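Participant: Any chance you could fold what I've pasted below:
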Amino acid sequence: MNEAASLKGVDFIDIADISRRQLESLLAGADLLKRALSGQIPHRLLESRSLALIFEKPSLRTRTTFQVGMTHLGGVCIDLGQEHMQMGVRESIADIGRNLERWIDAVMARVFEHDTLPRLAASCRAPIINGLSDRSHPCQALADLQTIRECCGGLDGLPVAYVGDGFNVANSLVETAPLTGIDLRLACPEGYEPVAEIVAAARAAGGKIHITANPREAVAGAKVVYTDAWISMGLEAETDARRRVFAPYQVDSELMAGADGDAIFMHCLPRPPRRGGDRLGPGRPPVGRVPAGREPPARPEVAAGPPGPGRIGPGRTGRVHPMTQSRPAHG
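Facilitator: From the prediction side, this is the model:
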């Protein structure tokens, strides 16, 4: 874990901020923590440390996993909702950063505008962790990589398909490509692709990234099929237009039929309730659940456990993996 130790005190705002060796060390460290948790081995590595949680957006998974994770690691969280801070309204971002650095050891911020994060980092000596912004979601990407590695046995050369909105989750997955060697195919409607400069930088660094408007092209032979919500928080005004644009990008049993026979399906959640239930095939457990007796340990500092078996379509078995936004440790 020497490479991970090099991240001590360093901001974690984007996947592109870390090296391949640092990423590998983070995932290896997360594996160790997961085994320690499973074996009930104490791992209070952050005893007496404090983490401030800044939430401009509502949160279920991010809030819960960071709080429970800090508890298991021996630290404490201070939950700072926007109703208390009114960041940029009641106080400037700079003043908030200068105050927090005097009291706490690190800050996790879940914000609307990505620009808030470097501004906060510039005024706060405590490290800043990006818990989600309108540009990237690096903690989600770390958990995704650990989950994929556990289910598929490795990352280098692995065909991974992302179908839907090229928003923050997609941007962070793109940044993982040159660090992991995954064969990343993204199917996005025209005008909804990942940020062009992020894609260009990842390709220049050696990332294998293919972007198409055809979901079937992206999914063909994929070992992992991933999607996200069509309407992220803050984009509700675009609801009707987005439903029309993304209707052909639904991941259902027909689309999954083109993936590898043992492909896993992933959704980072939240997933709005649907009338009529799931569309991934009869007999298959809903996304986000596994059959009784196969539940992963509900712990935040490690990725969820093995997926449960399910039905991808008539006569074809596959796996669905619950995405719990669990967090690998990151320095």
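Participant: wouldn't residue 17 be in contact with residue 11 here?
Facilitator: Yes - in this structure, residue 17 is within contact of residue 11 by Cβ atoms under 8 Å, at 7.1 Å. For every residue, glycine as well, the C-beta is placed using N, CA and C.
Participant: So between the two, which is more surrounded?
Facilitator: residue 11 (20 against 14; other Cβ atoms under 10 Å).
Participant: residues contacting the more buried one?
Facilitator: Residues near residue 11 by Cβ atoms under 8 Å, 6 or more residues apart in numbering: 17, 117, 121, 127-129.
Participant: Now the helix or strand where residue 77 lies: buried residues?
Facilitator: Using DSSP states H and E, residue 77 falls within strand 76-81. Buried residues in strand 76-81, counted by 16 or more other Cβ atoms under 10 Å: 77, 80.
Participant: Which other helices and strands does that strand contact?
Facilitator: When contacts are defined as 3 or more Cβ pairs under 8 Å, 6 or more residues apart in numbering; DSSP states H and E, strand 76-81 sits against strand 50-55, helix 61-72.
Participant: ok, the shortest one: who's next to it in the sheet?
Facilitator: Spelled out, it's strand 50-55. strand 76-81 (parallel), strand 106-110 (parallel) (DSSP bridges).
Participant: then the longest one to PDB, C-alphas only?
Facilitator: Read it as strand 76-81. The C-alpha coordinates for strand 76-81 follow below in PDB (Å, rounded to 0.1, in the frame of the first residue of the first chain):
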ATOM      1  CA  VAL A  76     -16.100  10.400  13.100                       C
ATOM      2  CA  CYS A  77     -18.200  12.300  10.500                       C
ATOM      3  CA  ILE A  78     -19.700  15.800  10.700                       C
ATOM      4  CA  ASP A  79     -22.700  16.000   8.400                       C
ATOM      5  CA  LEU A  80     -23.000  19.500   7.000                       C
ATOM      6  CA  GLY A  81     -26.100  19.800   4.900                       C
END
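Participant: List of residues touching that strand?
Facilitator: With Cβ under 8 Å, 6+ apart, strand 76-81 has contacts from 49-55, 63, 66-67, 70-71, 104.
Participant: one more time with 6 Å, if that's ok
Facilitator: Strand 76-81 is contacted from outside by 50-55, 67, 70, using Cβ atoms under 6 Å, 6 or more residues apart in numbering.
Participant: Go through those and give me the one with the most neighbours.
Facilitator: Most surrounded of the contacts of strand 76-81: other Cβ under 10 Å gives residue 54, at 25 neighbours.
Participant: beta partners of that one?
Facilitator: With DSSP bridges as the rule, residue 54 is bridged to residue 80, residue 109.
Participant: Can you tell me how far it is from residue 108?
Facilitator: 7 Å (Cβ to Cβ, to the nearest Å).
Participant: ok, residue 258 - contacts?
Facilitator: 216, 219-220.
Participant: buried stuff in stretch 103-112?
Facilitator: Those would be 104-111, for stretch 103-112 by 16+ other Cβ under 10 Å.
Participant: residue ranges of the helices in the stretch 101-250 of the chain, please?
Facilitator: 116-123, 138-152, 168-180, 196-204, 215-219, 239-246 (DSSP state H, counting those that start in this stretch).
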